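> only the shape, not the letters, is given here:
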């Protein structure tokens, strides 16, 4: 059965800390891995990763994929209270255009 | 484009009542997905359509749930009869095949359902 597992489930940090969120997957016919940020409403897209070892970066956020380890990490440096959200990882397969989501990591950044 | 549009945004109903959630995908997207999100189980895929045809409904919890997509611009998710355990946020999402160039799945704002 295809599955996506995220860790930790929740995390509380102070402003300015650096955090690393993990996503591991077991899917048949991997195509890509996506990261989303969800605040109060709908998930919003952060990154798509398809190749191992190539870092995607956007401001203080960065992510990398390791296809050998079947995992990805999302790093957030110099965290701010606005980074508080649920971070979702999803894996897309080549069969049937399926998007499999993990349960998410709830990040709380306190001033 | 206005994005994926869902209605209603909030629904409070009593157990046993019929609930209909609606979705308008982004024009040109040929895939439409219905997800349910709860604290305990995260985002669960209920069903998805390709070119208006249901492809995989294995996530639909039971016969009380049904979904239709009569045309490329409209889909409904119906729960009849509703139960308190159906309380959740229901998201509709649409995409191009494999998310297109960006790989992105576009979400609506969600319909928060509370069944008393």
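Nice, I can see it. The shown structure was predicted, so the numbers you read here are calculated from the model rather than taken from an experiment.

> how about the residues of chain B by chain A?
B:31, B:33, B:35, B:41-43, B:45, B:48, B:50, B:55-56, B:91, B:93, B:95, B:97-99, B:102-110 (Cβ under 8 Å from any Cβ of the partner chain). The way it works is simple: take the backbone N, C-alpha and C, and place the C-beta from them, glycine included.

> which of those fall in helices?
With helices defined by DSSP state H, no entry of the residues of chain B next to chain A lies inside them.

> show the buried residues in these.
Among the residues of chain B next to chain A, those classed as buried by 16 or more other Cβ atoms under 10 Å in any protein chain shown are B:31, B:33, B:35, B:42-43, B:45, B:48, B:56, B:91, B:93, B:95, B:98-99, B:103-110.

> where does chain B have low pLDDT?
Residue ranges of chain B with pLDDT under 70: B:1, B:98-100.

> and chain A, which residues reach chain B?
A:31-32, A:34, A:41-45, A:48, A:50, A:88, A:90, A:92, A:94, A:96-104.

> surely residue B:65 is in contact with residue B:46?
Yes - under the criterion of Cβ atoms under 8 Å, residue B:65 lies in contact with residue B:46, with a separation of 6.8 Å.

> list the residues that contact both of the two?
For the pair residue B:65 and residue B:46, residues contacting each of them under the criterion Cβ atoms under 8 Å, 6 or more residues apart in numbering or on different chains are residue B:77.

> what is the residue sitting nearest the centre point of chain B paired to in the beta sheet?
Of all residues in chain B, the one closest to the mean position by Cα atoms, centre = their mean is residue B:34, 2.9 Å from it. Assessed by DSSP bridges, residue B:34 has beta-bridge partners residue B:47, residue B:92.

> what stretches of chain A score poorly on pLDDT?
Counting by pLDDT under 70, chain A shows low-confidence ranges at A:96.

> could you pull out the strands in chain A for me?
Counting by DSSP state E, residue ranges of the strands within chain A are A:3-7, A:10-14, A:19-26, A:30-38, A:44-49, A:56-58, A:61-66, A:71-76, A:85-93, A:99-101, A:105-110.

> most tightly surrounded among those?
Looking across the strands of chain A with neighbours counted as mean count of other Cβ atoms under 10 Å in any protein chain shown, the highest average goes to strand A:85-93: a mean of 23.

> how far does it sit from the chain's center?
Relative to the chain's own centre, strand A:85-93 is displaced by 5 Å; criterion: Cα atoms, centre = their mean, to the nearest Å.

> distance of residue B:63 relative to chain A?
Here the distance between residue B:63 and chain A works out to 23 Å (Cβ to the nearest Cβ, to the nearest Å).

> tell me which element that residue is part of?
Residue B:63 is part of no helix or strand when elements are defined by DSSP states H and E.

> enumerate every residue touching the residue nearest to residue B:31 when sequence neighbours are not counted.
With sequence-adjacent residues excluded and distances taken as Cβ to Cβ, 6 or more residues apart in numbering or on different chains, residue B:31 is closest to residue B:95, at 4.8 Å. With contact set as Cβ under 8 Å, 6+ apart, residue B:95 has these partners: A:97, A:99, B:29, B:31, B:33, B:104-106.

> repeat for residue A:30
For residue A:30, the contact set (Cβ under 8 Å, 6+ apart) comprises A:67, A:70, A:91, A:93-94.
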